[in-house]
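**Student:** could you look at this predicted model? Sequence included:
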Amino acid sequence: MDMLKDSCKRSLIVFSIPMILSLLTQQFYNICDTLIVGRLLGADMLSAVGNAGTIINITTIVCGGFELGGQMLFSEAMGRKTYGVIKKGVVQMLVFSAFTAVIISTGAILFRNEIFSAIGLPEELYGATGRYFVLYMAGILFLFLQSISNSAILAMGDSKSILILSAASSVINIVLDYCFIRFGGMGTEGAALATVIAQAAGMTGSGYLLRKRLKSLPEDQEPVPKGLLVRILGISIPSMFQQFALTFGGALMQTLINSFGTEISNGYVVVQRVTSFGLMPVVGLAQSLSVFGSANRGAMQYKRIGEAIRFTMVLVLGYIVIMDAFFLWKPGSVVSLFLKEAEGSEGFLFACHYLSYSALAYLLTGVEYLMESLLRGFGRMKLFLMTTLVFLVLNIGLAWILAESLGPNAIWVSNMTGRLVVAILSSALMVYVYCKEKKLHIDKSIIYE
């Protein structure tokens, strides 16, 4: 598949389907891992793994930022046909990310008890959490290297291989997870060891595939510009900051929600799980549009980008309308998969109302995701970061302000307001950026003619 020449619709569909399936595969693994640890080791050990996972998620934000930065630069280079940028950039990123992974893992392991104390981990869970945490962090290098390799492979238009690697890694992880705990008599360290082995296998597979893809790239005569690593970090660091901001914002929102009681908190958790899973196809399409937009921007093919935006917007909004219809028609059926009404009617009703009343918010979220993904694809990371911060301020600020008068309903009201403002803002910014760059390209063409 060639994103620069094939039909826009075909390119996006062929590229996005494996992306969406990869995301769903990761969700499936998380569910299986939770079930295995919870059923075989019990609630305390599940809590230990969950607490370790909270810390690990913060450290892997750095990894995700590197992956995004590399992907955007490599996609643009594919469009410009400056293949030397990809070859040299991949090497630089692999070395830099490996160094960063070693520093992070070493520091996290050495100061793990201080970290556990900072998050308020009960002392009786230090042992189990520590065993999981140390093993996982010792192997985080594999995750970093795999992520960089995947970013280059995706930039070259190959999402099918990423799906295969993701599925294989998940299967290895689930099987080893069960075997180490069920038959090996291992505790939380068994779950960590299974993950590390699966990540090592994924790194090996993606590394082999990346080497093969790089060899197939033709040689170009363009000199490789200096500062590739700086350019990648220029994209990566704002992305990391955005993820840190979202994580911090989520903690502030959870603090407010906890003030309404356990039942409301449980209902909110259910809504987050349902919507994160339901919006996964939207995330996959947004990521695909970002890669497509970056590559065609590099090739100065703005007409194809415009066509891709319209097509993807129709797909996303059409899908969300169907999802909304189900949430409006059977919200109780969705919530009952996770929370029984008899076990907490207040939380159950809150979750049902949240799903139903947020129908418009999901449509706005779809628009926001697509526009922000394009801002990333165009390298406008400051504008992308600005939209995220605007949403956090509106969403969290309004929720705290309205909580006294609206109670738990302030949560979905503030979310709706934030999504509306940011959908309009991100759309306006993207239209401005697109029209400005397109006009500049046309003016240059006229001058050169």
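**Tutor:** Perfect, I can see it now.
**Student:** so what does the strand or helix carrying Ser288 touch, helix or strand wise?
**Tutor:** Counting by DSSP states H and E, the element that carries Ser288 is helix 280-298. Packing partners of helix 280-298 (3 or more C-beta pairs under 8 Å, 6 or more residues apart in numbering; DSSP states H and E): helix 8-41, helix 43-80, helix 140-155, helix 302-329, helix 359-377. C-beta: built from backbone N, CA, C; applies to glycine.
**Student:** doesn't Ser414 make contact with Ile396?
**Tutor:** Yes: if you go by C-beta atoms under 8 Å, Ile396 and Ser414 touch, sitting 7.4 Å apart.
**Student:** where does pLDDT dip in the stretch 201-350 of the chain?
**Tutor:** Low-confidence segments of the stretch 201-350 of the chain (pLDDT under 70): 220-224, 338-339, 341-344.
**Student:** what separates stretch 214-230 from the chain centre, distance-wise?
**Tutor:** 28 Å (C-alpha atoms, centre = their mean, to the nearest Å).
**Student:** and that stretch, how far apart are its ends?
**Tutor:** One end of stretch 214-230 sits 22 Å from the other (C-alpha to C-alpha, to the nearest Å).
**Student:** which residues touch that stretch?
**Tutor:** The contact list for stretch 214-230 (C-beta atoms under 8 Å, 6 or more residues apart in numbering) reads 73, 81-90, 92-93, 96, 152, 156.
**Student:** quick check: next helix or strand after the helix or strand harbouring Ile104?
**Tutor:** Per DSSP H and E: Ile104 is located in helix 83-110. Toward the C-terminal end, the helix or strand that comes next after helix 83-110 (DSSP H and E) is helix 112-118.
**Student:** now for the helix or strand that that next one is followed by, which elements pack on it?
**Tutor:** Per DSSP H and E, the first helix or strand lying C-terminal to helix 112-118 is helix 126-138. Judged by 3+ C-beta pairs under 8 Å, 6+ apart, helix 126-138 is in contact with helix 43-80, helix 83-110, helix 112-118, helix 188-216.
**Student:** pretty sure Thr188 is touching Ala48, no?
**Tutor:** Yes: between Thr188 and Ala48 there is a contact under C-beta under 8 Å: 5.5 Å.
**Student:** return every residue with contacts to both of the two.
**Tutor:** Residues touching both Thr188 and Ala48 (C-beta under 8 Å, 6+ apart) are 128-129, 132.
**Student:** relative to Glu263, which of these is nearest.
**Tutor:** Thr129 (27.3 Å; C-beta to C-beta).
**Student:** so what's the closest residue to that closest one other than its chain neighbours up against?
**Tutor:** Sequence neighbours aside, Ala48 is the residue nearest to Thr129 in space, at 4.2 Å (criterion: C-beta to C-beta, 6 or more residues apart in numbering). Applying C-beta under 8 Å, 6+ apart, we find Ala48 in contact with 125, 128-129, 132, 188.
**Student:** then Thr60?
**Tutor:** 140, 143.
**Student:** cutoff 10 Å now
**Tutor:** By C-beta atoms under 10 Å, 6 or more residues apart in numbering, the contact set of Thr60 is 53, 67, 101, 104, 140, 143-144, 147, 243.
**Student:** per-residue pLDDT, it?
**Tutor:** We have a pLDDT of 78 for Thr60.
**Student:** about what we covered before: common neighbours of Ile396 and Ser414, please.
**Tutor:** Common contacts of Ile396 and Ser414 (C-beta under 10 Å, 6+ apart): 253, 256.
**Student:** okay, these two: which has more neighbours?
**Tutor:** Ser414 (23 against 20; other C-beta atoms under 10 Å).
**Student:** now do the contacts for that one.
**Tutor:** 253, 256, 394-403, 406.
**Student:** tell me which residues in the longest helix belonging to the chain are buried?
**Tutor:** Longest helix of the chain, by residue count under DSSP state H: helix 409-448. By neighbour count on 16 or more other C-beta atoms under 10 Å, the buried set for helix 409-448 is 410-423, 425-427, 429-430, 433-434, 437-438.
**Student:** quick one: that helix to helix 280-298, angle?
**Tutor:** 20 degrees (axes from the mean of the first three to the mean of the last three C-alpha atoms, to 10 degrees).
**Student:** okay, now stretch 271-288: how far is its last residue from its first?
**Tutor:** Stretch 271-288: ends 26 Å apart by C-alpha to C-alpha.
**Student:** how far off centre is it?
**Tutor:** On C-alpha atoms, centre = their mean, the centre of stretch 271-288 falls 9 Å from the chain's centre.
**Student:** what residues of it count as buried?
**Tutor:** Buried residues in stretch 271-288 (16+ other C-beta under 10 Å): 271, 274-275, 278-288.
**Student:** how about stretch 87-95?
**Tutor:** For stretch 87-95, using 16+ other C-beta under 10 Å, the buried residues are 87-90, 92-94.
**Student:** wait, which of those is closest to Leu163?
**Tutor:** Val90 (20.7 Å).
**Student:** now do the contacts for that closest one.
**Tutor:** So Val90 contacts 70, 74, 148-149, 151-153, 155, 210-211, 213-214, 228 (C-beta under 10 Å, 6+ apart).
**Student:** as a markdown table, these with neighbour count and distance to Lys382 would be great.
**Tutor:** Below are these laid out as a markdown table (neighbours: other C-beta atoms under 10 Å; distance: C-beta to C-beta, whole Å):
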| residue | neighbour count | distance to Lys382 |
| --- | --- | --- |
| Gly70 | 29 | 19 |
| Phe74 | 28 | 21 |
| Ile148 | 31 | 24 |
| Ser149 | 29 | 28 |
| Ser151 | 29 | 21 |
| Ala152 | 28 | 25 |
| Ile153 | 24 | 28 |
| Ala155 | 26 | 22 |
| Leu210 | 23 | 30 |
| Arg211 | 12 | 35 |
| Arg213 | 19 | 31 |
| Leu214 | 16 | 31 |
| Leu228 | 21 | 20 |
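**Student:** and Leu402, what pLDDT?
**Tutor:** 90.
**Student:** before we move on, what about the one 10 residues further on?
**Tutor:** Model confidence at Trp412, expressed as pLDDT, equals 86.
**Student:** cool, and Ile446?
**Tutor:** pLDDT, Ile446: 40.
**Student:** still on that earlier bit, give me the angle between the longest helix of the chain and helix 302-329.
**Tutor:** 170 degrees.
**Student:** show me how far helix 409-448 is from its chain's centre.
**Tutor:** Worked out by C-alpha atoms, centre = their mean, helix 409-448 lies 21 Å from the chain centre.
**Student:** what does stretch 17-29 give?
**Tutor:** With C-alpha atoms, centre = their mean, you get 11 Å for stretch 17-29.
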